[in-house]
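A.B. asks: Sequence first, then the predicted structure, then my questions.
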Amino acid sequence: MPTENLCARVEELSGENVFACYQCGMCSAGCPLTEEMDRLPSQVIRDLQLDDPELLESNAMWVCASCLACEVRCPKGVDLAKLMEALRQIVLRRALDNVSLDDMKREDIRSLPQIALVASLRKKTG
Amino acid sequence: MDDGKRTQIYIMGKAYDVPVGITIMDAMEYAGYRFTRGAGCRSGFCGACGTVYRKEGEYRLEFALACQEMVEEGMHLTQLPFTPAPRASYALDELDPSENVLLQFYPEIARCVSCNTCTKACPQDIEVMDYIQAALRGDLERVTELSFDCIQCGLCAMRCPADIKHYHVAQMARRLHGVSASPEPEHLSVRMAELSDGTYDAELDELVAMDVDGLKARYAQRRIEPASEEGS
Amino acid sequence: MNGIPYFPGCSLKDSARGFESSALFVMETLGLPLVELERWNCCGTVYSLTEDDLMHHLASVRNLIRTREAGGDELVALCSMCYNTLARVAARVDADAEAREKINAFMDEEPDYEGGVQIVHLLHVLRDRIGPDAIAEATTRPLDGLSVATYYGCTLVRPKSVSVDDSENPTAMGDVLDATGATIVDFPFATECCGTYQVVDRPDLSLERSYRVLHSAARAGAHVVATACPLCQHNLEQARDRFAESDGIGALTVAYFTELLAAALGADPPPEGLGPMLEIHVTAEGGA
């Protein structure tokens, strides 16, 4: 996994200023899925500021549901959802899908509304 | 009839002078290629001869059937005679047409980004994107309508950024629609009943017992439908 | 045209037919019929968030072009996810001429999109154009006695630029349903995520999130949770069925807000699944 200059690449892909964050924690407080994440949203952005190469191994960006609770509450106007998307894209653009179509079971697909599949594949496949 | 006129084309990068006014397939054979793949009916029906080409001075790739498309000066071409697209395994009578089975068997349909690249790749002028969109929402009838002319050449699947296998999806839709929704043709039902009842047994037995000369004579005397007036 | 152009989205034609049929009935009854957009395609939810990605906006832009071809300058969406995606793409290409040019150049088989189509959610139309008074007048089966928890989820209220109302305390759905006589209950999970697309490969996540929403609604005394999104509807229903034994959740009905409206406006029979709930809770006598 290519981890050099992670922060710069994420800033470029997202258009966000990672260093505007002053670690208030509002994003983590509002995020509905923190219990599942191995690091909090506010820790993700801190790790970006520190260019932590292990960030791409985190599950946070895959657990993220793009609900935008973080974006709407950030007092500095940092769009954390875009940072999460950038992290996902860095992985996905190497054809490393996070969800496997081949492993999907027909019975599972049967009951789902189309938008579930469309959205999931948009966010988790390249 | 070869009138001596020649035009230069490039087959897989190598230049050849071939007669004007012939198809890509004929030109490739003229140049010395022998088809063991990528040729079939030679009539635009079987989909074996999918071809990608580019015209001199143009940046766009174009798509055609080698047996139908005429050569042009400066054409750069190659064939794509096979697409390794897996076809789902299913038994039609086990499927419930009220569910969106297309999505169950081909979930990659949900990855369609409506880029229309498939439509641009189709040598049969089919609105491929439109039928994939219909497939996404479970509209079997519309997929059937729009995909009717598909000959499964595979060019769409090769170009799709979402790795959709359009023609397999369409075939499944047509089959399912045919089984579940299309009205059964009455004349077919009548004929099937006649066959079961043995109406044609005597005639068939006679043909089976005939020798080759007898068959030839019978064939030469067969009744032929008169050709219709308006273009047949 | 008589009516407004409307964008159904894939799910409304298949797994969420009840949403569409009830909405069509409601708008027909209120005198502003929804006219389905010709040759629409999947909107491509969820909005793509990287700066350089234009390909994933194509799907929505095509629908904007269709709207123009139909002679319209606005498009009404029912599904919140479609609404959100279409609205954000429309805003993006309106604001960024270069992106718009590139998209137009790529889609060379389409007429150029010049911008300007407005994406509107049905709630905008019901609340602002038709108005609660007209809805109250058209109500032939008042829903008095019915306690409704209006659930917005995420895509209807975030980001702020496309929100149908205040992102933290929206009332649009409540304002519209209140006009039918129903009681709108306040509950803290109205804008908390249901788990959305995580249901595909992490159904445990969406079950957990949806359980929280239902639990909150049940505690607030709701009889029905009103939704505006086929995925919220699906996730909440799954959680309701899975956790039916606990905390009053089994007694909850989950329905599209348009289905409740349709029942109030006299749909006969009422939308599927609502009959028993209406029998039990609605105290008002029917009839105009």
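C.D. replies: Yep, it's here.

A.B. asks: Is B:L80 in contact with B:C49, as I believe?
C.D. replies: No. If you go by C-beta atoms under 8 Å, B:L80 and B:C49 don't touch, sitting 9.3 Å apart. Quick note: C-beta positions are derived from backbone N, CA and C, even for glycine.

A.B. asks: Which one's more surrounded, the two?
C.D. replies: Relative neighbour count places B:C49 above the other of B:L80 and B:C49, with 29 against 17, counting by other C-beta atoms under 10 Å in any protein chain shown.

A.B. asks: if I pick that one, what's in contact with it?
C.D. replies: The contact partners of B:C49, by C-beta atoms under 8 Å, 6 or more residues apart in numbering or on different chains, come to B:I24, B:M25, B:G38, B:A39, B:G40, B:L65, B:A66, B:C67, B:Q79, B:P81, B:C153.

A.B. asks: Against B:E58, how distant is it?
C.D. replies: Distance, B:C49 to B:E58, by C-beta to C-beta, to the nearest Å: 22 Å.

A.B. asks: Repeat that for B:M158.
C.D. replies: From B:M158 to B:E58 the distance is 20 Å (C-beta to C-beta).

A.B. asks: Comparing those two, which residue is more hemmed in?
C.D. replies: Using other C-beta under 10 Å as the criterion, B:M158 and B:E58 rank with B:M158 on top: 18 against 10.

A.B. asks: right, is the strand or helix carrying the more buried one up against chain A?
C.D. replies: Secondary-structure assignment from DSSP states H and E places B:M158 in helix B:155-159. No. Contact check for helix B:155-159 against chain A, using C-beta under 8 Å from any C-beta of the partner chain: none in range, with a minimum separation of 14.8 Å.

A.B. asks: Can you name every helix or strand that that helix contacts?
C.D. replies: Judged by 3 or more C-beta pairs under 8 Å, 6 or more residues apart in numbering or on different chains; DSSP states H and E, helix B:155-159 is in contact with helix B:117-121, helix B:166-180.

A.B. asks: Please point out which parts of the least confident helix or strand in chain C by mean pLDDT sit buried.
C.D. replies: Lowest mean confidence among the helices and strands of chain C (mean pLDDT, DSSP states H and E): helix C:275-281, at a mean of 88. The neighbour-count criterion (16 or more other C-beta atoms under 10 Å in any protein chain shown) identifies C:M277, C:L278, C:H281 as the buried residues of helix C:275-281.

A.B. asks: List just the nearest of those to chain A.
C.D. replies: Within those, distances to chain A taken as C-beta to the nearest C-beta reach their minimum at C:M277, with 22.0 Å.

A.B. asks: rewinding a little: just the contacts of B:C49: which are in strands?
C.D. replies: Taking DSSP state E as the definition of strands, the contacts of B:C49 contribute B:L65, B:Q79.

A.B. asks: quick one: which of the contacts of B:C49 is nearest A:S58?
C.D. replies: The shortest approach to A:S58 among the contacts of B:C49 belongs to B:C153, at 44.1 Å (C-beta to C-beta).

A.B. asks: For chain B, give me its nearest residue in the stretch 151-288 of chain C.
C.D. replies: Among the residues of the stretch 151-288 of chain C, C:V200 lies closest to chain B, at 9.3 Å counting by C-beta to the nearest C-beta.

A.B. asks: How about the contacts made by the most centrally placed residue in chain B?
C.D. replies: Relative to the mean C-alpha position of chain B, the nearest C-alpha, by C-alpha atoms, centre = their mean, is the one of B:I151, at 1.2 Å. Each residue near B:I151 by C-beta under 8 Å, 6+ apart is listed here: B:G44, B:F45, B:C46, B:G47, B:L65, B:Q124.

A.B. asks: Now, of those residues, which are buried?
C.D. replies: The neighbour count (16+ other C-beta under 10 Å) marks B:G44, B:G47, B:L65, B:Q124 as buried among those.

A.B. asks: The first one in helix, strand or coil?
C.D. replies: This points to B:G44. Secondary structure of B:G44, reduced to three states by DSSP: H, G, I helix; E, B strand; the rest coil: coil.
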